[in-house]
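Colleague: coords please:
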Amino acid sequence: MGDDNRYAEHIPVLRDDFIEALFTDPDGCYVDCTFGRGGHSRELLARLSEKGRLLAIDRDLEAVAEGERLAAEDARFTIVHADFASLGETLDELGWLQVSGIGFDLGVSSPQVDSAERGFSFQKSGPLDMRMDLSSGQPLSVKLAHVSERELADIIYRYGDERYSRRIAKAILRARHDGELNTTSDLENICFHSVPKQARHSGAHPATRTFQALRIWVNAEMEQIDAGIQAAVDHLAPGGRLAVISFHSGEDRRIRNLIDALVHPCTCPPQMPVCVCGKTPSMRWLQKKPVRPGEAEIAANPRSRSSLMRVAERISEAEGKKLAGYSGRVQ
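Modeller: Modelled structure (predicted):
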């Protein structure tokens, strides 16, 4: 089922924890929402029986091409070019209405980061693109032409937690106006010289947070997460698992809040002894405290160091009503 050496450059993050969290039935149907180079998908296929099925989606055409090669080798596997926002539509069209597990591995894959022409890395000079799907959307260079300084500063602060967002945004748009912003190297240089001297050599590179924020903005990643998680919950069978790996605090907060709203949907005042709002839980936490990589994994794959995984399970409508009616509040 393939030559593992072809994928040696891409090490799937939290692979064993992710599979253990997601896998419950060898005859089940599973969805890998971020195929990448197939690390998680291949491990899932290794555990499935001949009856089991795996569907993968990815918005990156290079990843889809890799997935099509795997699909040619293994009839249990299917890949579709799609993003998180179209997950529900994709599952409906394929008739995958009640699945056993759905997994997300957010962020960018190693091949995307390592490819200078994609524009994700400040360590290699490339075009100002950052699109995960090169067949749609606008590259960073075009989006920067239509954003105000205040909007850009808010984006860098909100998606990057960058304390120097305002001075970085001002410098980016000034450089663009002067024709001095044409490559990722230019952008890296602007970020570096926009922060105070004492902050340039302490901790992560000064461009790290800004590149992350701009990538999230270009790909509408937060909106994609919202739509993808809701579609996943809608298509899980009772007992089906949802596992999500994220790579920064903003993503993780979003995931935690989205799932927690399904675990604790009740809007009744705390003093009410019994729930009367009629909103019943549809999920339960299996791993509310995020799973993190161990020292051995971080040593083998430094890019895993910021990863966090949360896991929840779909509950039946009857179980949700029982939980809400019994205690009025689900703990």
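Colleague: make it CA atoms for all contacts and neighbour counts henceforth
Modeller: OK.
Colleague: would you state the strands of the stretch 1-150 of the chain in chain order?
Modeller: Assigned by DSSP state E, counting those that start in this stretch, the strands in the stretch 1-150 of the chain fall at 29-32, 53-58, 77-81, 99-105.
Colleague: which SS class is residue 313?
Modeller: Residue 313 falls in the strand class when you classify it by DSSP: H, G, I helix; E, B strand; the rest coil.
Colleague: same deal with residue 250?
Modeller: Taking three-state DSSP, the label given to residue 250 is helix.
Colleague: mind telling me what element the closest residue to it other than its chain neighbours is part of?
Modeller: Closest residue in space to residue 250, ignoring its immediate chain neighbours: residue 159 at 6.6 Å, by Cα to Cα, 6 or more residues apart in numbering. According to DSSP states H and E, residue 159 maps onto helix 149-160.
Colleague: send the alpha carbons of that helix over as PDB?
Modeller: These are the backbone C-alpha positions of helix 149-160, laid out as PDB (Å, rounded to 0.1, in the frame of the first residue of the first chain):
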ATOM      1  CA  GLU A 149      -3.800  49.800   8.200                       C
ATOM      2  CA  ARG A 150      -6.300  49.400  11.100                       C
ATOM      3  CA  GLU A 151      -7.800  46.200   9.600                       C
ATOM      4  CA  LEU A 152      -4.400  44.700   9.000                       C
ATOM      5  CA  ALA A 153      -3.300  45.500  12.600                       C
ATOM      6  CA  ASP A 154      -6.400  43.800  14.000                       C
ATOM      7  CA  ILE A 155      -5.800  40.700  11.800                       C
ATOM      8  CA  ILE A 156      -2.200  40.400  13.000                       C
ATOM      9  CA  TYR A 157      -3.200  40.900  16.600                       C
ATOM     10  CA  ARG A 158      -6.300  38.600  16.500                       C
ATOM     11  CA  TYR A 159      -4.800  35.700  14.600                       C
ATOM     12  CA  GLY A 160      -1.200  36.100  15.700                       C
END
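Colleague: who's in contact with that helix?
Modeller: 162-170, 173, 209-210, 212-214, 216-217, 250 (Cα atoms under 8 Å, 6 or more residues apart in numbering).
Colleague: need the buried ones from the residues you listed selected in PyMOL.
Modeller: The buried subset of the contacts of helix 149-160, as determined by 16 or more other Cα atoms under 10 Å, is captured in PyMOL by this line:
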select buried, resi 162+164+165+166+168+169+170+173+209+210+212+213+214+216+217
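Colleague: same list, the strands of the stretch 1-150 of the chain, but as CSV with mean pLDDT, mean neighbour count and distance to residue 313 please.
Modeller: Below are these laid out as CSV (pLDDT from 0 to 100; neighbours: other Cα atoms under 10 Å; distance: least, Cα to Cα, whole Å):
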stretch, mean pLDDT, mean neighbour count, distance to residue 313
strand 29-32, 98, 26, 14
strand 53-58, 97, 23, 19
strand 77-81, 98, 19, 23
strand 99-105, 97, 25, 9
